[in-house]
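A.B. asks: Model the following, please.
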Amino acid sequence: MRSAYRLRQVVNAVNFSTLSGLVLAKFLGAQLRRGPDGLVLATSGRRQLPYIGAITIGNVIVLPGAGPWSAELMAHETRHAGQWAACVIVFLPLYWLACAWSFARCGDHFSGNWFERDAGLHAGGYLERPPRTLWRGKKLNPPASG
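C.D. replies: Numbering: from 1, shown residues only. Reported below is the predicted structural model:
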């Protein structure tokens with residue numbers, strides 16, 4: 001395993017995000033297996049998370065069904081594992097802040113979300129929405145002088 005993947009694995013273990021992902025997988029009744037580059041794939045759970053196709057917490061990728069999954073989706077979720085390591089313990093608040101910004105700006109949680117854009121919107125199965133206009137209606141005109 002490359003040293004960058006090993007470092008990601010260690011950081012995500014130390015910041016307890018991988019442990020959190022394993023707890024979620026256990027709650028969902030998922031089967032665990034080794035994935036590529038130090039990742040853990042959690043699949044075919046008895047329960048599913050509503051509205052979520054796949055989710056990555058630390059080095060754990062929770063995937064629906066038994067696969068196969070596209071290489072693009074796996075690359076997208078792998079990128080999120082790296083984001084968890086890069087942000088150490090503040091990933092979750094930063095991610096939710098990015099979701100709020102995206103919702104205010106684009107009307108969904110992903111189009112303007114830096115983490116999702118960095119991981120590849122289309123690879124994650126998202127359709128990109130354009131930013132909303134900030135001012136609706138007529139343009140503001142300066143007051144008439146005189």
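
A.B. asks: Does Met74 belong to a helix, a strand or coil?
C.D. replies: In three-state terms, and counting by DSSP: H, G, I helix; E, B strand; the rest coil, Met74 is helix.

A.B. asks: quick one: low-confidence ranges for this protein?
C.D. replies: Within the chain, the stretches falling below the threshold (pLDDT under 70) are 134-146.

A.B. asks: Okay, helices next: where are they in it?
C.D. replies: In chain order, the chain shows helices spanning 3-14, 17-28, 71-87, 91-106, 114-119, with DSSP state H as the criterion.

A.B. asks: Next, format these as TSV and append mean neighbour count and distance to Gly38.
C.D. replies: Where C-beta positions appear, they are placed from N, C-alpha and C, glycine not excepted. Compiled in TSV, the helices of the chain are given as follows (neighbours: other C-beta atoms under 10 Å; distance: least, C-beta to C-beta, whole Å):
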stretch	mean neighbour count	distance to Gly38
helix 3-14	16	4
helix 17-28	18	10
helix 71-87	19	9
helix 91-106	15	17
helix 114-119	18	18
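
A.B. asks: closest one to Arg34 among those helices?
C.D. replies: With C-beta to C-beta as the measure, helix 3-14 is the member of the helices of the chain nearest Arg34 (11.5 Å).

A.B. asks: Can you give the domain ranges for this structure?
C.D. replies: The domain map for the chain lists 3-87, 90-134, with the assignment taken from automatic domain parsing.

A.B. asks: May I see the helices of the chain arranged in a markdown table, with distance to Ile52 as well?
C.D. replies: Below are those laid out as a markdown table (distance: least, C-beta to C-beta, whole Å):
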| stretch | distance to Ile52 |
| --- | --- |
| helix 3-14 | 19 |
| helix 17-28 | 11 |
| helix 71-87 | 11 |
| helix 91-106 | 13 |
| helix 114-119 | 13 |
